[in-house]
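[1] Next comes the sequence, and after it the predicted model I'd like to discuss.
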Amino acid sequence: MFKKGNKLYSIFTGSCPKCHEESMFKNKNPYILSEALAMNETCSNCGTKYKIEPSFFYGSMYVSYPVGIAFAVAAFVISFFVFNASIHVVFITIVATLIIFMPVILRLSRNIWINFFMHYDKSLAKK
């Protein structure tokens with residue numbers, strides 16, 4: 001399921017959507033906030049340009065909303081149904097989850113967005 005050639009592999013690893021060989025981000029750690037969204041211009045393996053057009057990744061804001069909702073729903077289900085927390089604790093858990101996972105949500109949104117427009121090409125992958 002998460003093998004090279006699958007869009008989920010590129011989305012969850014943050015690798016180039018064309019060759020799946022290099023990370024799109026300059027720093028793999030999303031929690032270094034000053035570099036959380038710093039991306040390489042191109043893939044060093046296949047030469048794919050990540051910014052297809054100016055302001056290309058503004059579209060990822062549309063993706064970040066449902067990704068954030070998924071994280072919030074997961075926090076709700078775990079805190080309310082698994083731990084039987086009160087509604088106040090559930091609310092605090094949801095807010096804390098969204099704050100803590102914001103860099104991950106932003107990166108996942110960018111990865112999903114670029115994978116809408118680019119597809120894996122196994123001829124570009126390293127042998």
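    It's in.

[2] drop to CA atoms for contacts and neighbour counts, all remaining ones
    OK.

[3] Could you find the closest non-adjacent residue to Lys126?
    Of all residues not flanking Lys126 in the chain, Glu21 sits nearest, at 7.3 Å (CA to CA, 6 or more residues apart in numbering).

[4] Distance of the one you found relative to Phe91?
    The spacing between Glu21 and Phe91, counted by CA to CA, to the nearest Å, is 40 Å.

[5] out of those two, which sits in the busier spot?
    Glu21 (20 against 17; other CA atoms under 10 Å).

[6] Would you mind giving both backbone torsions of that one?
    phi -100, psi -40 (degrees, to the nearest 10).

[7] So for the protein, the centremost residue is which one?
    Leu108 (1.1 Å; CA atoms, centre = their mean).

[8] Quick check: it vs Gly68, distance?
    In terms of CA to CA, Leu108 sits 10 Å off from Gly68.

[9] do Ser23 as well
    Ser23 is 23 Å from Gly68, by CA to CA.

[10] and what of Ile87?
    19 Å.

[11] Looking at those two, which is more packed in?
    Gly68 (19 against 12).

[12] Next one: the residue of the chain most remote from its centre from Ala38, what distance?
    Of all residues in the chain, Ser86 has its C-alpha farthest from the mean position, at 30.8 Å, by CA atoms, centre = their mean. From Ser86 across to Ala38, the span is 39 Å (CA to CA).

[13] If anything else comes up later, I'll come back, but that's it for now.
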